[in-house]
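In: Quick one, fold the following:
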Amino acid sequence: MKKQGTGLPENLDRKFENILDRDRTVAKSVSMAVVKPKPLGVWDVMIPIVFILNFMKLKQTREIFIQNFMFTKELALDAARNIIKKGRTRESELAQIEDKTKSILDADTDGIYSEEIRRSQMEEIDLLIDHYCKLFKTDGVDYSSLVISTYQNRRGYTAFFPNSKIQKRRCRMLPNGFWERRPTHRRFIKNRSCHRACEEGRGRKDFRT
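Out: Next up, the predicted model:
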């Protein structure tokens, strides 16, 4: 559905925020599962400042993890919104992202960010732009309604991501029983469910500008 007289999908900005919030929630959940605290030691008990320092370090490490996890999602989501809302071409958005990731690679002196990682990110971004554009154009506002309205079931969702690694990564971002949920305007029942969010973005370097 489009806004009358604008040609733009209805509630575009709300959809943007809901999709972004959803991905951030997943990122936080994955960081909690992947970046775990060290066992409580005797010095943590005897010297509270040690406990506080370790907690702050854990919090910082998880935040860096979240930033790395969200890197491709935020770039693709911004690009998709620019395509839909501002009429920019997909090619121009990808070119800008290509330049940005190359600049990050050139600036990396620690050898953590590689061309292989960059190309893998670009492959994911390429698919995510199409994915987010589909969500922007479909009916609904909340994330669950958007995904179910767009793909109808798990088979349709996974078929959109032909690369096996990306397919598993995106599928596992959906919680158990996701396809059994009922959107406000339509109902789809699916007995099969996805597993827990995959481990992603383990690197401890923030590759964002």
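In: Phi first, then psi, for residue 146.
Out: Backbone geometry at residue 146, expressed as degrees, to the nearest 10, gives phi -60, psi -50.
In: Summarise which helices and strands the strand or helix carrying residue 117 is packed against.
Out: Using DSSP states H and E, residue 117 sits within helix 115-137. If you count contacts as 3 or more C-beta pairs under 8 Å, 6 or more residues apart in numbering; DSSP states H and E, helix 115-137 packs onto helix 12-34, helix 48-86, helix 90-107, helix 143-151, helix 164-171. Placement of C-beta: from N, CA and C, glycine included.
In: among these, which is the most enclosed?
Out: A comparison of the helices and strands packed on helix 115-137 by mean neighbour count, using mean count of other C-beta atoms under 10 Å, puts helix 143-151 on top with a mean of 21.
In: now that one, how far from the chain's geometric center?
Out: Its chain's C-alpha centre and that of helix 143-151 lie 16 Å apart, by C-alpha atoms, centre = their mean, to the nearest Å.
In: likewise stretch 71-86?
Out: Mean-position distance between stretch 71-86 and its chain equals 12 Å (C-alpha atoms, centre = their mean).
In: pLDDT (mean, whole number) over it?
Out: In this model, stretch 71-86 has a mean pLDDT of 96.
In: how close does the residue located most distally from the centre of the chain sit to residue 40?
Out: Largest separation from the mean C-alpha position in the chain: residue 46, at 40.4 Å (C-alpha atoms, centre = their mean). Using C-beta to C-beta, to the nearest Å, we find residue 46 at a distance of 11 Å from residue 40.
In: How about residue 153?
Out: According to C-beta to C-beta, residue 153 stands 45 Å off from residue 40.
In: quick one: which of these two has more around it?
Out: Using other C-beta atoms under 10 Å as the criterion, residue 153 and residue 40 rank with residue 153 on top: 14 against 10.
In: Please report phi then psi for that one.
Out: phi -150, psi 180.
In: Give me the distance between it and residue 95.
Out: As defined by C-beta to C-beta, residue 153 lies at a distance of 35 Å from residue 95.
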